[in-house]
Each structure stands twice: as C-alpha cells, then as structure tokens.
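Chemist: Provided below for reference: sequence and predicted model.
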Amino acid sequence: MTILVTGATGNVGRPLVEQLLASGHQVRALTRNPQKAGLPAGAQAVAGNLADTAGLARAFDGVTAAHLISFDGEDFSPLTNGAEIVELARRAGVRRVTVLKGDVEKSPLEEAVEAGGLEWTHLSPVEFMSNALEWAESVTSEGVVREAFADARSAMVHEADIAAVAAVALTSDGHAGQEYWLTGPEALTPQDKVRVIAEVLGREVRHVELSQDEIVDQWRRQGYSDEDIEFFVMMRTNPPEAGYTVLPTVEKVTGKPARTFAQWVRENAAAFGG
C-alpha cells in the first residue's frame with residue numbers, strides 16, 4: 001500500500017509523512033522542490049503540485065490512498081481542477097482519500113471527491129496552533145505579544161493531531177463519508193496563549209492589547225487585502241461557534257487525547273528564543 005501525501009512539506013503534510021512512515025507504510029510525498037524538502041528517510045519525494053494536473057500522473061501511479069489539500073499551497077486559493085484530480089486518482093487505483101479543507105465553504109475538490117466514488121474523509125480543523133509563530137519575533141526580541149481582541153477564544157488544534165486523524169482515516173475502515181471538525185483540548189484567548197508561552201519559556205512575556213484600528217493598520221502594512229482584513233475582523237468579533245467549541249474528535253478517532261498548546265510551545269520553544 002502506497003499512500004500519497006500532497007502538501008508534504010506543509011504544517012500537516014510533514015507530520016503526516018512522519019507518522020505514516022513510523023507505522024510502516026510506504027509514502028510518496030508530493031512537493032514543489034524535492035531537493036529542498038528535507039523529508040525523512042524512507043519517503044519517496046516527487047515533484048509537482050495539485051494545481052498542475054498534467055504533472056500529477058507520476059505522483060498517483062500505484063497509489064491506493066491519498067491525502068489531498070483543497071487549496072493551492074502557494075496562494076491558498078481553492079483548487080479549480082478538482083474533477084481532473086479525482087479522475088486521475090481513480091484511473092490510478094486510488095480508493096481512499098482525505099481532504100484537508102481550507103475554508104468553511106465546500107471547495108470544488110471536495111465536491112469532485114464526493115461525486116467521484118472514492119472513500120473520502122474531510123478534515124475541518126479550526127485555527128492551527130502554528131499561527132502563534134507570528135508572535136515569535138516580538139517574544140524573542142522584546143518579551144511582548146501585541147494582539148487585539150483580547151476576549152476572542154480559539155479551540156486551536158495541533159497540526160500533528162490533524163495529521164494523526166488523517167493517518168487513521170487513510171489506513172483503517174469506518175471513516176468514509178465523514179467530515180471531522182478538529183480542535184484542541186481547550187479554548188484559549190490571546191492572554192491565555194501568552195501566559196502559556198511565558199510558563200513554558202520560564203520568563204516574562206507581556207500581552208499588549210491593540211485596538212481594532214491598530215491591528216487593521218498592522219495587517220495592511222503586512223500586505224493583506226481588504227477582503228482578508230474583513231475576514232480576520234469578522235472571525236475575531238463574530239466568530240462561528242465551531243471556532244471556539246472544544247470537540248473530542250481527535251481522541252475519538254485516534255484513541256489519544258488532543259495535544260495541548262503548552263505541548264506545541266515546548267516543541268517550538270526555539271522559535272520564541274527558548
């Protein structure tokens with residue numbers, strides 16, 4: 001059984017490759033630049049990306065299960081060639097797929113997978129814990145996190161837990177036709193996250209609350225579009241209930257408790273000057 005992992009160097013793809021290899025599976029890893037991918041020994045790296053259907057035949061050859069992402073790995077726009085990807089996968093003999101969602105709305109790839117006769121499982125994570133890396137520079141240099149919307153809660157999920165759910169769905173029965181909403185074990189505010197970072201690092205880290213106008217100006221300077229900024233503000237001022245509701249899905253699927261934010265910070269302490 002060969003399993004294709006697309007987005008293999010991404011936040012979910014990389015731990016998925018590692019977990020599948022550790023379980024003894026053959027893994028083919030799709031990445032734009034295999035020479036720079038730094039994938040673990042045992043992974044068969046192939047060049048390509050899901051947005052370029054013509055270059056995917058080699059990647060799918062001999063594959064029986066595949067982890068797909070529903071968006072372009074460079075600009076995160078929804079893939080528009082879902083039907084072509086599914087047809088290519090079916091011809092190659094793929095039976096089972098997981099699809100990592102990039103938006104609340106159903107993407108063309110998800111629609112094509114559902115219509116294509118494959119055993120599919122959709123993965124719908126809330127906020128990634130790795131989003132906290134945007135604070136790494138200010139924590140390292142100043143011991144400060146500048147963030148707005150201090151009361152906004154997020155049930156952020158560890159990327160390795162998303163990968164763990166994908167690994168189970170790709171390698172065992174009972175998950176076809178499911179959409180799994182994936183969260184961590186706690187809903188945290190920015191102040192909570194800063195407190196955890198300080199505790200793990202063993203030094204003071206202060207939270208400086210910005211106003212909405214200040215954070216919007218910051219996002220503009222960082223190059224985000226007005227549409228992006230409108231979405232960011234909406235998610236923080238009127239978030240969907242799913243974004244802050246803790247669910248037991250990770251433990252139900254994998255048999256292991258969801259990883260905490262403190263665990264994620266310990267694993268990434270070097271990025272924060274730890």
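Modeler: In hand now; what should we look at?
Chemist: could you point out the helix or strand that follows the lowest-mean-pLDDT helix or strand in the chain?
Modeler: Within the chain, no helix or strand scores below helix 226-237, which has a mean of 89 by mean pLDDT, DSSP states H and E. Of the helices and strands lying after helix 226-237 in sequence (DSSP states H and E), the nearest is helix 249-254.
Chemist: and that following helix, what does it pack against?
Modeler: helix 159-171, strand 178-182 (3 or more Cβ pairs under 8 Å, 6 or more residues apart in numbering; DSSP states H and E). For the C-beta atoms, the positions are set from N, CA and C on the backbone; glycine is no exception.
Chemist: what about the helices in the chain?
Modeler: Per DSSP state H, the chain carries helices over the ranges 13-22, 57-60, 82-92, 108-115, 136-142, 159-171, 190-201, 212-221, 226-237, 249-254, 261-267.
Chemist: nearest to residue 30, out of the ones you listed?
Modeler: Nearest to residue 30 among the helices of the chain is helix 57-60 (5.1 Å), distances taken as Cβ to Cβ.
Chemist: for the closest residue to residue 78 other than its chain neighbours, give its distance to residue 168.
Modeler: Spatial nearest neighbour of residue 78, chain neighbours left out: residue 107 (4.5 Å); criterion: Cβ to Cβ, 6 or more residues apart in numbering. Distance, residue 107 to residue 168, by Cβ to Cβ, to the nearest Å: 22 Å.
Chemist: the inter-axis angle of the least confident helix or strand of the chain versus helix 190-201?
Modeler: For helix 226-237 against helix 190-201, the angle by axes from the mean of the first three to the mean of the last three Cα atoms, to 10 degrees is 80 degrees.
Chemist: domains of the protein?
Modeler: Segmentation of the chain into domains, based on automatic domain parsing, reads 2-125, 126-157+184-245+259-274.
Chemist: for residue 172, find the nearest of these.
Modeler: domain 2-125 (9.5 Å).
Chemist: would you mind checking the average pLDDT for the closest one?
Modeler: Domain 2-125 comes out with an average pLDDT of 92.
Chemist: what about that domain, start to end distance?
Modeler: Domain 2-125 has an end-to-end distance of 25 Å (criterion: Cα to Cα, to the nearest Å).
Chemist: please compute how far it lies from its chain's middle.
Modeler: For domain 2-125, the separation from the chain centroid amounts to 13 Å (computed by Cα atoms, centre = their mean, to the nearest Å).
Chemist: check the burial of the residue nearest to residue 78 by counting its neighbours.
Modeler: By other Cβ atoms under 10 Å, 21 other residues sit near residue 107.
Chemist: surely it is in contact with residue 82?
Modeler: Yes: assessed by Cβ atoms under 8 Å, residue 107 is found in contact with residue 82 at 7.0 Å.
Chemist: shared neighbours of the two, which are they?
Modeler: residue 70 (Cβ atoms under 8 Å, 6 or more residues apart in numbering).
Chemist: okay, now the nearest residue to residue 86 once chain neighbours are set aside: neighbour count?
Modeler: Nearest non-adjacent residue to residue 86, counting by Cβ to Cβ, 6+ apart: residue 116, 3.9 Å away. Other residues near residue 116 number 17, with proximity taken as other Cβ under 10 Å.
Chemist: list the contacts of residue 116.
Modeler: Contacts of residue 116 (Cβ under 8 Å, 6+ apart): 83, 86-87, 89-90.
Chemist: nearest spatial neighbour of residue 211, chain-adjacent residues omitted?
Modeler: Nearest to residue 211 is residue 148, by Cβ to Cβ, 6+ apart, at 6.5 Å.
Chemist: apologies, that question was intended for residue 243.
Modeler: The spatial neighbour of residue 243 that comes closest, neighbours along the chain excluded (Cβ to Cβ, 6+ apart), is residue 126 at 5.2 Å.
Chemist: angles on the backbone of the one you found, please.
Modeler: Main-chain torsions, residue 126, degrees, to the nearest 10: phi -80, psi -150.
Chemist: same deal with residue 239?
Modeler: Dihedral pair for residue 239: phi -70, psi 150, per degrees, to the nearest 10.
Chemist: which pLDDT value goes with it?
Modeler: Looking at residue 239, the pLDDT reads 83.
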